[in-house]
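*Asks:* got a predicted model here, sequence first, then my questions.
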Amino acid sequence: MAKIKLSEISTLPPKKLDKEHIKEETSMILQELDELQNLLYAQQQHSVLIVLQGMDASGKDGLIRNVMSHLNPQGVDVQSFKAPTAQELGHDFLWRVHQHAPPKGYIQVFNRSHYEDVLVQRVHKWVDEKTIYKRMEAINAFEHLLAEHNNTQILKFYLHISPEEQQQRLKERTTNPRKMWKYNKNDEVEAKFWKKYMEAYDDVFKHCSDIPWTIVPADHNWYKEYLVARILRDTLRGLKMKYPKLDVK
């Protein structure tokens, strides 16, 4: 995979795209996804893991709400990974993640993920650099395990917003009554480490891209939702699934 440097990638959609046309196309994609997910669930031969990473206010929650809510909830699970609990800290860093890996027939969404352990902890220097690179090796092995031994399609998305857009969204959480519940003072603290997070992400993309990342321009929600939905649709199409035949035995 080509070297990724976030500072050189636009956070905006391509200028040639028409917003209303893309929103109509997204609607059609979501209808097709409903059928494809039903096939996935019926066939029970593959699973899908969607990894969502991004800075605070990059729109992970909104993406889950506006795309995944169109699927059958029986076959979709969403897991958010926050600061590890005392029990989780008593295990290796992948322990809490592995137990949420999707079984065949299901789609699992990670709202933040195992990558937090090579991002947040690195930025704040809670672990040394040697440990960070060992964790990256473990992450690659973990993802290969899921892909090779459980037919898991892993889709890794980084929701790419500009620091200006982030500041605007964080400000809205203090002024918009409908968004005040999202306010977390720590988001403002973490925003001060923007440059260090960008460097940490660039290194993740360099060392953990055996299963590639998609950098999603996310300043505009309509494009972010379209791109993620389209890639999920195309991935499921590529499995060439068929409904199981009647077993009369």
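*Replies:* Here it is on my side, so go on. This one's a predicted model, so the numbers in the text were calculated from it and none came from an experiment.
*Asks:* and Arg169, how many neighbours?
*Replies:* Residues lying near Arg169 (other CB atoms under 10 Å) number 20. (Each C-beta comes from the backbone N, C-alpha and C, glycine too.)
*Asks:* over to Leu119?
*Replies:* Using other CB under 10 Å, Leu119 has 19 neighbouring residues.
*Asks:* pLDDT score assigned to the residue lying closest to it once chain neighbours are set aside?
*Replies:* With sequence-adjacent residues excluded and distances taken as CB to CB, 6 or more residues apart in numbering, Leu119 is closest to Ala200, at 5.1 Å. What the model reports for Ala200 is a pLDDT of 98.
*Asks:* can you give me the buried ones in the helix or strand harbouring Ala200?
*Replies:* Assigned by DSSP states H and E, Ala200 falls within helix 194-207. Neighbour-count burial for helix 194-207, counted by 16 or more other CB atoms under 10 Å, picks out 197, 199-205, 207.
*Asks:* export that helix as PDB, just CAs?
*Replies:* Extracted C-alpha coordinates of helix 194-207, given in PDB (Å, rounded to 0.1, in the frame of the first residue of the first chain):
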ATOM      1  CA  TRP A 194      -3.700  17.000  17.100                       C
ATOM      2  CA  LYS A 195      -0.200  17.000  15.500                       C
ATOM      3  CA  LYS A 196       1.000  14.000  17.600                       C
ATOM      4  CA  TYR A 197      -2.200  12.000  16.700                       C
ATOM      5  CA  MET A 198      -1.600  12.700  13.000                       C
ATOM      6  CA  GLU A 199       2.000  11.400  13.400                       C
ATOM      7  CA  ALA A 200       0.700   8.300  15.300                       C
ATOM      8  CA  TYR A 201      -1.900   7.600  12.700                       C
ATOM      9  CA  ASP A 202       0.600   8.000   9.800                       C
ATOM     10  CA  ASP A 203       2.700   5.300  11.500                       C
ATOM     11  CA  VAL A 204      -0.200   3.000  12.000                       C
ATOM     12  CA  PHE A 205      -1.000   3.300   8.300                       C
ATOM     13  CA  LYS A 206       2.600   2.400   7.500                       C
ATOM     14  CA  HIS A 207       2.900  -0.600   9.800                       C
END
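*Asks:* I appreciate the help and will end here.
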